[in-house]
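Colleague: Provide a 3D model corresponding to the input given below.
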Amino acid sequence: MKKKKIVAIVPARGGSKGIPYKNIKKLNGKPLIYFVINTLKKIKKIDRIIVSTEDKKIKKIVKQFFPKIEIIHRSQKLSSDSATLTEVVQHVSKSIKNQGYFPDFILQVAPTCPFIKKKTVEKIIHVLEKNISNCAVTLKRIEHEHPYRAKKLKTKSKTFNSFIKNVNVEKFMSRQDLPELYCTSGAIYGRSYDLLQTFNKSKKSFCFGESPYGVIVNDIEAINIDRPIDFEFADFISKKFKI
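Modeller: Sure, this is the predicted structure:
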């Protein structure tokens, strides 16, 4: 069988609002973006690792730690708050195809999920290679913030009621009684090249395809750094478990 070409794309813009320069902020002595790139480099089936960024500082630090890593410049439009990561990854995939390189699968890997494991990435690749699905995504189990617990708060009175109307959510008194549900962890979205090209921002879709496959990650792998408290927690975990 012909070897499939797999490209991992790490989107890393410099304009993070919650944590300024989040992607290169030091986590246990290393810039945040270091962790996922270091993991991806250990996976032999990945043919190319590409960082997509508009920022000179990020480019410099990536090259400092990984001199041979490819960097594709990201336009200001694709670096805005309104730009989606799928849109960015699609742009990179088209750019390399225009260079004469034809990938089979694209992995969208978030630098904000530093603890993703090598075996998890390999599971995503396995699903794609074996045609189990043309989309494989990391999922985490929803625990305390279960959708059945969601309330809608009235702005003026501050009174609230259940957000979900078609289910008697009050009967689920114990957390253990709640239906087992999952949400995307944000770490990895693996897609076939062809599926990725169907993405259309105006249709407001995550481009999952018809039968997306979920790869469940544990609590540590599920850490996704968005707020300052997330970073503090990740730093604690990194030091405690010597990651």
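Colleague: what is the least confident helix or strand in this structure?
Modeller: Within the chain, no helix or strand scores below strand 160-162, which has a mean of 92 by mean pLDDT, DSSP states H and E.
Colleague: would you map the strands across the chain?
Modeller: 6-11, 26-27, 30-31, 48-53, 70-73, 105-109, 135-141, 151-153, 160-162, 182-192, 213-216 (DSSP state E).
Colleague: starting at the chain centroid, how far to the second one?
Modeller: Here the centre of mass of C-alpha atoms in strand 26-27, compared against the chain's by C-alpha atoms, centre = their mean, to the nearest Å, lies 19 Å away.
Colleague: just to revisit the earlier point, pipe the strands of the chain into CSV and attach mean neighbour count and distance to Glu170 per row.
Modeller: The way it works is simple: take the backbone N, C-alpha and C, and place the C-beta from them, glycine included. Formatted as CSV, the strands of the chain follow (neighbours: other C-beta atoms under 10 Å; distance: least, C-beta to C-beta, whole Å):
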stretch, mean neighbour count, distance to Glu170
strand 6-11, 24, 41
strand 26-27, 16, 41
strand 30-31, 18, 47
strand 48-53, 22, 46
strand 70-73, 15, 51
strand 105-109, 26, 39
strand 135-141, 22, 22
strand 151-153, 11, 12
strand 160-162, 11, 7
strand 182-192, 22, 23
strand 213-216, 18, 29
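Colleague: got JSON lines for those strands, with distance to Lys240 too?
Modeller: Conversion of the strands of the chain to JSON lines gives the following (distance: least, C-beta to C-beta, whole Å):
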{"stretch": "strand 6-11", "distance to Lys240": "25"}
{"stretch": "strand 26-27", "distance to Lys240": "13"}
{"stretch": "strand 30-31", "distance to Lys240": "16"}
{"stretch": "strand 48-53", "distance to Lys240": "28"}
{"stretch": "strand 70-73", "distance to Lys240": "32"}
{"stretch": "strand 105-109", "distance to Lys240": "24"}
{"stretch": "strand 135-141", "distance to Lys240": "20"}
{"stretch": "strand 151-153", "distance to Lys240": "34"}
{"stretch": "strand 160-162", "distance to Lys240": "37"}
{"stretch": "strand 182-192", "distance to Lys240": "20"}
{"stretch": "strand 213-216", "distance to Lys240": "23"}
